[in-house]
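Visitor: Sequence first, predicted coordinates after that:
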Amino acid sequence: MQTKNDDYSALRLHAEKKIQEAQKANKALPQSDEARQLIHELQVHQIELEMQNEELRRVQAELAISHARYFDLYDQAPVGYVTIDAGGLILQANLTASTLLNRARTVLLNRPLTNFILPEDQDIYYRHRKQVLKTGGSAACELRMMKNDRTPFWTRLDCAMAQDAHGDPVFRVTMVDITDRMQAKEAFQIAHDKLEAQFYQAQKMEAVGELAGGVAHDFNNMLNVIMAYAQMAMDTVALSDPLHSDITEIMTACHRATDIVHQLLSFAGKRTIAPKILDLNEALSGMINMLQQLVGRNIKLVWQPGQNLWKIKIAPSLINQILANLTINARDAIAGKGKLTIRTQNTTVEKPNPESQAAPKPGRYVLLAVEDKGCGMDKATLARIFEPFFTTKEPGKGTGLGLATVYAIVKKHNGGITVDSEPGKGTTFNLFLPREKAEEDSGPGPVLNQAS
């Protein structure tokens with residue numbers, strides 16, 4: 001590699017060569033040796049200067065091209081770049097930073113970076129800038145900044161210490177929009193929390209079911225003893241005896257208690273009842289008159305059976321229990337006059353609903369819908385309606401086992417439940433009972449897309 005002296009020697013030789021050529025062409029030069037030497041030196045220096053100027057212009061042109069290329073890369077970088085002075089004012093900003101903040105570059109300059117950070121996140125920025133000042137190294141943080149219309153977006157800031165041309169400390173900050181990642185992270189966390197809540201709910205239901213089953217068996221044994229002695233006492237007391245009516249009340253209370261025991265056993269899955277393949281329309285048709293008496297004259301009961309209904313496999317007594325519980329619930333939700341609609345239809349669920357543990361899985365079902373125009377429920381109540389012993393009724397007017405029993409029966413038969421309710425507008429319970437697989441195929445039925 002040539003040194004500067006070598007470069008200078010080559011430059012001087014080149015200049016002297018130029019002088020010699022000029023001297024040959026110029027016959028009018030002075031004849032004095034001293035004068036000729038002086039003129040020669042001046043001409044050499046002149047040519048040297050011209051050649052140095054030419055080299056300087058070439059280097060300056062290359063530097064200008066390099067500088068322009070740098071600023072092109074600086075402006076078109078996929079991340080925002082800003083330079084901040086010790087007081088937090090923006091000294092420089094690239095085009096990407098301007099685009100991220102949706103502001104002209106001139107608007108950004110000489111303004112504090114905190115002007116563009118969400119107020120509640122500014123402490124995060126100050127804390128990390130303090131860390132960089134203390135260590136002299138770099139630090140990164142994630143916070144929310146604001147666009148020109150004050151729309152927030154998530155940003156990752158990487159900050160490092162540097163010096164400007166005068167040796168004063170400055171901060172070099174890169175900005176990356178991480179909104180999509182943060183939204184995906186938030187959506188994942190929400191989904192995770194819901195799945196965790198569903199898991200704990202399932203565990204709780206299972207534990208309560210085991211407890212309810214054990215209590216029901218013991219309680220049922222004691223009831224049998226009470227009923228046996230009550231029956232013996234009734235057989236020995238005359239109808240005219242005042243004790244007879246008292247014993248009758250005891251028997252009535254025992255029968256009511258037996259119904260509660262059966263509900264507990266159904267909820268716990270301890271009650272074994274032989275299922276049958278049946279037509280839901282036929283099973284319900286025989287109950288309509290009884291249900292009308294159950295809800296009373298002020299409530300109009302509308303029965304809408306679906307056409308060509310698929311067969312299902314379930315014990316008829318469980319259908320009676322399901323519909324009785326839902327009907328009583330609807331009756332209690334209607335103040336004064338109202339309307340209760342029971343309808344059936346074939347339906348196909350194509351996509352699962354991951355937000356609900358009770359919702360049906362993809363498949364073909366017979367839908368049993370019970371709709372009332374009552375008071376409706378808020379979201380907090382909806383979240384707990386299938387919990388055993390949860391009730392919104394006054395003390396003594398509800399056991400809190402009705403809907404829990406319905407839930408247990410439907411889930412035991414691999415079905416699903418969805419509930420649509422809004423305060424003041426009523427409630428609809430949709431029960432999905434699986435189509436009997438042994439039945440001959442007769443079309444998919446209406447499609448229910450739960451995921452939409």
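Guide: Right, received. Where do you want to start?
Visitor: Roughly how far does the residue nearest the centre of the chain sit from F432?
Guide: In the chain, the centroid-proximal residue (CA atoms, centre = their mean) is A187; its distance is 2.8 Å. From A187 across to F432, the span is 27 Å (CB to CB, to the nearest Å). For glycine as for every other residue, the C-beta is placed from the backbone atoms N, C-alpha and C.
Visitor: for E54, same thing?
Guide: 88 Å.
Visitor: Then D372?
Guide: The value you get for D372 to F432, if CB to CB is used, is 19 Å.
Visitor: Could you do R69 as well?
Guide: Taking CB to CB, one finds R69 at 66 Å from F432.
Visitor: so which helix or strand takes in Y126?
Guide: Here Y126, judged by DSSP states H and E, is contained in helix 122-135.
Visitor: now N325
Guide: helix 316-333.
Visitor: do H40 as well
Guide: Per DSSP H and E: helix 33-76 holds H40.
Visitor: Show me how far that helix is from its chain's centre.
Guide: 65 Å (CA atoms, centre = their mean, to the nearest Å).
Visitor: pLDDT averaged over it - what is it?
Guide: Helix 33-76 shows a mean pLDDT of 73.
Visitor: what helices or strands is that helix leaning on?
Guide: helix 4-25, helix 95-101 (3 or more CB pairs under 8 Å, 6 or more residues apart in numbering; DSSP states H and E).
Visitor: mind redoing it with 7 Å?
Guide: helix 4-25 (3 or more CB pairs under 7 Å, 6 or more residues apart in numbering; DSSP states H and E).
Visitor: All the strands of the chain, residue numbers only.
Guide: With DSSP state E, the ranges of strands along the chain come out as 80-85, 90-93, 138-146, 152-163, 169-177, 276-279, 299-304, 311-314, 338-351, 363-372, 416-422, 426-434, 447-449.
Visitor: quick one: which of the ones you listed is nearest M222?
Guide: Of all the strands of the chain, strand 311-314 sits nearest to M222, with 30.5 Å by CB to CB.
Visitor: Which strands or helices does the closest one pack on?
Guide: Counting by 3+ CB pairs under 7 Å, 6+ apart, strand 311-314 packs on strand 276-279, strand 426-434.
Visitor: let's see 10 Å
Guide: strand 276-279, helix 280-285, strand 363-372, helix 402-412, strand 426-434 (3 or more CB pairs under 10 Å, 6 or more residues apart in numbering; DSSP states H and E).
Visitor: Regarding A86, what are the backbone dihedral angles?
Guide: In terms of degrees, to the nearest 10, the main-chain angles of A86 are phi -60, psi -20.
Visitor: How about it, nearest residue that isn't a chain neighbour?
Guide: P169 (5.3 Å; CB to CB, 6 or more residues apart in numbering).
Visitor: Likewise for P152?
Guide: Here the residue nearest P152, using CB to CB, 6+ apart, is R144, at 4.5 Å.
Visitor: Tell me what that neighbour is bridged to.
Guide: Beta-bridge partners recorded for R144 (DSSP bridges): W154.
Visitor: Quick check: it touching F153?
Guide: Yes: the pair R144 / F153 is scored as a contact, 6.7 Å apart, by CB atoms under 10 Å.
Visitor: what sits in contact with each of these two?
Guide: L118, T179, M182 (CB atoms under 10 Å, 6 or more residues apart in numbering).
Visitor: Just those residues: which are in helices?
Guide: T179, M182 (DSSP state H).
Visitor: Mark which of the shared contacts of R144 and F153 are buried, thanks.
Guide: Buried members of these, counted by 16 or more other CB atoms under 10 Å: L118, M182.
Visitor: From the shared contacts of R144 and F153, pick the one nearest V79.
Guide: Closest to V79, out of all of the shared contacts of R144 and F153 and judged by CB to CB, is T179, at 14.0 Å.
Visitor: confidence score at T381?
Guide: For T381, pLDDT reads 85.
Visitor: okay, now it: neighbour count?
Guide: 14 (other CB atoms under 10 Å).
Visitor: Ok, V225 next?
Guide: For V225, using other CB under 10 Å, the count is 9.
Visitor: C141: what's it in contact with?
Guide: Applying CB under 10 Å, 6+ apart, the residues near C141 are D121, I124, Y125, R127, H128, R129, Q131, T155, R156, L157, D158, C159.
Visitor: Please read the previous query as pertaining to A380.
Guide: Neighbours of A380 in contact, by CB under 10 Å, 6+ apart: none.
Visitor: For P423, see how far away it is.
Guide: 11 Å.
Visitor: So for E54 and F432, which residue has more residues nearby?
Guide: With neighbours defined as other CB under 10 Å, E54 and F432 compare such that F432 has more, 26 against 10.
Visitor: so who does that one touch?
Guide: F432 neighbours (CB under 10 Å, 6+ apart): 347, 349, 358-361, 363-369, 410, 413-418, 448.
Visitor: ChimeraX command for the buried members of those residues?
Guide: The following ChimeraX line selects those of these that are buried, judged by 16+ other CB under 10 Å:
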select :347,349,358,359,360,363,364,365,366,367,368,369,410,413,415,416,417,418,448
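Visitor: What number of residues are in the vicinity of E41?
Guide: E41 has 11 nearby residues by other CB under 10 Å.
Visitor: Could you measure from it over to N353?
Guide: Distance from E41 to N353, by CB to CB: 97 Å.
Visitor: go on, T347?
Guide: T347 is 14 Å from N353, by CB to CB.
Visitor: swap in L318?
Guide: 24 Å.
Visitor: Poorly predicted segments of the stretch 301-450 of the chain, please.
Guide: Scanning the stretch 301-450 of the chain for pLDDT under 70 picks out the ranges 355, 357, 394-400, 438-450.
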